[in-house]
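**Q** my questions are about this predicted structure, shown below with the sequence.
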Amino acid sequence: MHIIEIFGRIFLSAVFLIAGVNKIFNYEGTTAYMESFGVPDFLYIPAIILEILFPLLIVIGYQTKISALIMAIFSVSLAIIFHTDFSNQMQVMSFLKNFAIAGGFIIIFVNGPSQWSVDYMLKSKTK
């Protein structure tokens, strides 16, 4: 069953990996969207790094707990910043989706990675 956990880590991470890559190729559109919500454009590069680096770490299972915690906080932050127009049903769904994703990351944070992870291999070698 440990292999199935890898799919869960991949599915949760894919949302952010794809978004991060899309941001690389859509600078003007992304920064305009961010600025329309009062988010300064200097956070563009850190957002890309966060959306690509930490999900990749979660997928391979390296520094999994801290990466999952960071992504949970990021998911909740995105919901609060970008999806609080509760008169718009799509925004409500995006808000709830981000909280659901954060819940998945919190589960990973609490349980850590399984045997199919770099963290597990490194832990096994130190014993």
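**A** Received, thanks. Numbers count the residues shown, from 1 in each chain.
**Q** any buried residues in the one helix or strand residue 70 maps to, and which?
**A** Assignment of secondary structure by DSSP states H and E places residue 70 within helix 64-82. Within helix 64-82, the residues that count as buried by 16 or more other C-beta atoms under 10 Å are 64, 67-72, 74-76, 78-79, 82. Just so you know, the C-beta spots here come from the backbone N, C-alpha and C atoms, and that holds for glycine as well.
**Q** now for the helix or strand that it is followed by, which elements pack on it?
**A** The helix or strand immediately downstream of helix 64-82 is helix 89-111, counting by DSSP H and E. Helix 89-111 is packed against helix 2-24, helix 64-82, with contacts defined by 3 or more C-beta pairs under 8 Å, 6 or more residues apart in numbering; DSSP states H and E.
**Q** which residues sit against the very next helix or strand once past helix 89-111?
**A** Sequence order places helix 118-125 as the next helix or strand after helix 89-111, per DSSP H and E. When contacts are defined by C-beta atoms under 8 Å, 6 or more residues apart in numbering, helix 118-125 is touched by residues 60-65, 112-114.
**Q** check stretch 57-72 too.
**A** Residues beyond stretch 57-72 that count as contacts (C-beta under 8 Å, 6+ apart) turn out to be 6, 9-10, 12-13, 16, 50, 54-55, 101-103, 105-106, 108-109, 112-114, 116-120.
**Q** please apply the same query to stretch 7-23.
**A** 30, 44, 47-52, 54-56, 58-59, 61, 64, 71, 74, 101, 104-105, 108, 113.
**Q** quick check: the gap between the residue most central in space within the chain and residue 19.
**A** Taking C-alpha atoms, centre = their mean, the centroid of the chain lies closest to residue 71, which sits 4.1 Å from it. Note on residue 71: its distance to residue 19, by C-beta to C-beta, to the nearest Å, is 12 Å.
**Q** ok, for residue 39, nearest residue in space, not its chain neighbours?
**A** residue 81 (6.5 Å; C-beta to C-beta, 6 or more residues apart in numbering).
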